[in-house]
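Novice: need a 3D model of the following:
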Amino acid sequence: MGLGKGSGNAAGLRWVAPTVTTSSAPRAARADVGLRSERGPILLAVMLSTGLFAIDSTILATAVPSVVSDLGGFTSFPWLFSIYLLAQAISVPIYGKLADLYGRKPLMLLGVGLFVFGSLLCGVAWSMTALIVFRLVQGLGAGAIAPVGMTILGDIYTLQERATVQGYLASVWAMAALIGPTLGGVFSDSIGWRWIFFVNLPLGAAAMWTLWTRFHEKVERRRHKIDYLGATLLGVGGTLLLLALLEGGVQWAWDSGTSIALFVASIALLATFVLVERRASEPVLPLWVLRMRVLNVVNAGSLVVGVMMMGLSSYVPLFSQKVLGTGAVVAGLILAAMTIGWPIAASTAGRLYLSLGFRFTLVLGGVITVVGALILATVDGGSSLWHLTLACFVMGLGFGYVASPGVVAAQTAVSWAQRGVATGANMFSRSVGSAVGVAIFGAIVNSHVSSALGSADPDVQHVSSSVLEPAIHDVFLVSVFIAVVLLAVAVLMPTRVVEPEAAVEVPSPDPETDAVS
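Specialist: Numbering: from 1, shown residues only. Predicted structure coming up:
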């Protein structure tokens, strides 16, 4: 029995791929996709797993002062975030490929297990160095949770059902945006910052238990030739590239020997990776990903969204505190408007792409993002908090109408045996975009501040508002240009995304037929 139109037999999920056959519960009605349905426990497990790293992105930021006060290492604390981003970004495409080879369940359990183990280690960290190392373990776990969780949902729900399921996942991100900063502050001020990590243990245990007992896979064993060389080249080359983008202009100058060496080494390794992947029998990142129009468009859109998100996440809170004079909590709530707008759009996008198509939905998201960026460009030192909040909310809506349908389109355009790779590539693109955003916006702000102060190494955290306001306003203006680029990418989306028919053998996608009109 084949996989119905490549998206997983919504029923009970028995499908045939070249190497893996998965079975689950009997067929459920299309409308019966909630938490009380037969597939509900699996959806709940994915939501819990997603919640682990969703809340992690917001809960730690408010606890940083307490962490530094307890462990010291103020100059090193930015690595708590950088090392996590590096580990997550580099491991995403590798986990995606492994999930296609060995099934989703073992990789998801591994990811949640690593995240929980890393959380336990973070909770008992005795120094800033130890905490940074343990955040690396957490990042490796998050790298599996994000793509494999989305792939599981792509397997067990049809395209039509995923339109509803997106609302459930969107609610997780919305709650994390509101609860995370609050929990971080409460834990830091009461029972201690270590509990921001310990709180992950029961949630992770519940997710693992549910996946273990309710999600069943029957894997047809077959010998695979793991692409160790490709994985190593991608991991090391990607790490060096992201490191150069994240730390360039911060830890070292862009024209320094360190920056040049990192960029040259990363380019050489990634070029070698491409050559290796052409000859590998089971490449970790197959090059057909780069030949499919649908994947190229949604991955480019995901990258641009990552760039813009980093601009907002890094400089909206700084602008609201240093220029508008708010506190840290208010600044966090202003940024939360973006993470609330995103899930609202994601939960309603399904109706649009089912009735009007993916191109219309992505173009709508691009248009809304441009509008939000134009609003942001009008923010200055005399603006109200609501003005800045509105810009963040509108841009969050735009991101939601681009990123969430983009993942669904990517999963729809490929077969079961390729869905993990397609999902991983999309999420990897967003991570790379975030690193590029750090480099672009950081260079803009540092250049303006350096010019104003006559210092080659400015500390923007301690710059007066009169200098900082025009510097960050330049970031807001550049965001308009990047939003236009996002709209241009969305226009390139095919009108229709064709779901591949099931087959006993799954060939590589044909770039000429993956989408038509």
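
Novice: which strands and helices sit next to the strand or helix carrying residue 180?
Specialist: Using DSSP states H and E, residue 180 maps to helix 159-189. In terms of contacts (3 or more Cβ pairs under 8 Å, 6 or more residues apart in numbering; DSSP states H and E), helix 159-189 is packed against helix 40-59, helix 64-71, helix 128-156, helix 195-198, helix 328-355, helix 385-412. Any C-beta I mention is one placed from the backbone N, CA and C, and that applies to glycine too.

Novice: run the chain-centre distance for it.
Specialist: Taking Cα atoms, centre = their mean, to the nearest Å, one finds the center of helix 159-189 at 14 Å from the center of the full chain.

Novice: buried ones in it?
Specialist: 159, 161-177, 180-181, 183-185, 187-188 (16 or more other Cβ atoms under 10 Å).

Novice: and the angle for that helix with helix 40-59?
Specialist: 40 degrees (axes from the mean of the first three to the mean of the last three Cα atoms, to 10 degrees).

Novice: and the angle from helix 159-189 to helix 64-71?
Specialist: Using the same axes, to 10 degrees: helix 159-189 against helix 64-71 is 50 degrees.

Novice: out of the helices and strands packed on helix 159-189, flag the one nearest residue 433.
Specialist: helix 385-412 (10.5 Å; Cβ to Cβ).

Novice: would you mark the buried spots in the closest one?
Specialist: By neighbour count on 16+ other Cβ under 10 Å, the buried set for helix 385-412 is 388-412.

Novice: what packs against it?
Specialist: Applying 3+ Cβ pairs under 8 Å, 6+ apart, one finds that helix 385-412 makes contact with helix 128-156, helix 159-189, helix 293-322, helix 328-355, helix 358-377, helix 416-453, helix 465-491.

Novice: now for these, which one comes closest to residue 248?
Specialist: Here helix 416-453 is closest among the helices and strands packed on helix 385-412 (Cβ to Cβ), at 5.9 Å.

Novice: can you add mean pLDDT and distance to residue 50 and give the helices and strands packed on helix 385-412 back as JSON lines?
Specialist: Below are the helices and strands packed on helix 385-412 laid out as JSON lines (pLDDT from 0 to 100; distance: least, Cβ to Cβ, whole Å):
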{"stretch": "helix 128-156", "mean pLDDT": "86", "distance to residue 50": "6"}
{"stretch": "helix 159-189", "mean pLDDT": "74", "distance to residue 50": "5"}
{"stretch": "helix 293-322", "mean pLDDT": "84", "distance to residue 50": "17"}
{"stretch": "helix 328-355", "mean pLDDT": "81", "distance to residue 50": "12"}
{"stretch": "helix 358-377", "mean pLDDT": "93", "distance to residue 50": "21"}
{"stretch": "helix 416-453", "mean pLDDT": "78", "distance to residue 50": "12"}
{"stretch": "helix 465-491", "mean pLDDT": "89", "distance to residue 50": "24"}
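
Novice: nearest to residue 265, of the ones you listed?
Specialist: When the helices and strands packed on helix 385-412 are compared for distance to residue 265 using Cβ to Cβ, the nearest one is helix 416-453, at 15.9 Å.

Novice: for the closest one, buried residues please.
Specialist: Across helix 416-453, burial judged by 16+ other Cβ under 10 Å covers 416-442, 444-446, 448-449, 452.

Novice: so who does residue 342 touch?
Specialist: Residues in contact with residue 342 (Cβ atoms under 8 Å, 6 or more residues apart in numbering) are 170, 173, 396-397, 399-400, 403-404.

Novice: now render those residues as JSON lines, adding distance to residue 137.
Specialist: Formatted as JSON lines, those follow (distance: Cβ to Cβ, whole Å):
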{"residue": "170", "distance to residue 137": "28"}
{"residue": "173", "distance to residue 137": "23"}
{"residue": "396", "distance to residue 137": "30"}
{"residue": "397", "distance to residue 137": "35"}
{"residue": "399", "distance to residue 137": "29"}
{"residue": "400", "distance to residue 137": "30"}
{"residue": "403", "distance to residue 137": "27"}
{"residue": "404", "distance to residue 137": "29"}
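
Novice: mind checking how far the residue most central in space within the chain is from residue 139?
Specialist: With distances taken as Cα atoms, centre = their mean, the residue of the chain nearest its centroid is residue 427 (5.1 Å). To residue 139, residue 427 is 13 Å away according to Cβ to Cβ, to the nearest Å.

Novice: equivalent analysis for residue 216, please.
Specialist: From residue 216 across to residue 139, the span is 29 Å (Cβ to Cβ).

Novice: likewise residue 227?
Specialist: The value you get for residue 227 to residue 139, if Cβ to Cβ is used, is 22 Å.

Novice: next one: residue 312
Specialist: 22 Å.

Novice: likewise for residue 290?
Specialist: Separation of residue 290 from residue 139 (Cβ to Cβ) stands at 26 Å.

Novice: now do residue 330
Specialist: From residue 330 to residue 139 the distance is 29 Å (Cβ to Cβ).

Novice: compare these two (neighbour count), which wins?
Specialist: A count of neighbours by other Cβ atoms under 10 Å puts residue 139 above the other of residue 330 and residue 139, at 25 against 16.

Novice: just checking, that one touches residue 83?
Specialist: Yes: counting by Cβ atoms under 8 Å, residue 139 touches residue 83, with 6.5 Å between them.

Novice: in the stretch 1-150 of the chain, where is pLDDT below threshold?
Specialist: For the stretch 1-150 of the chain, the stretches flagged by pLDDT under 70 are 1-34, 57-58, 61-62, 64-65, 73-78.
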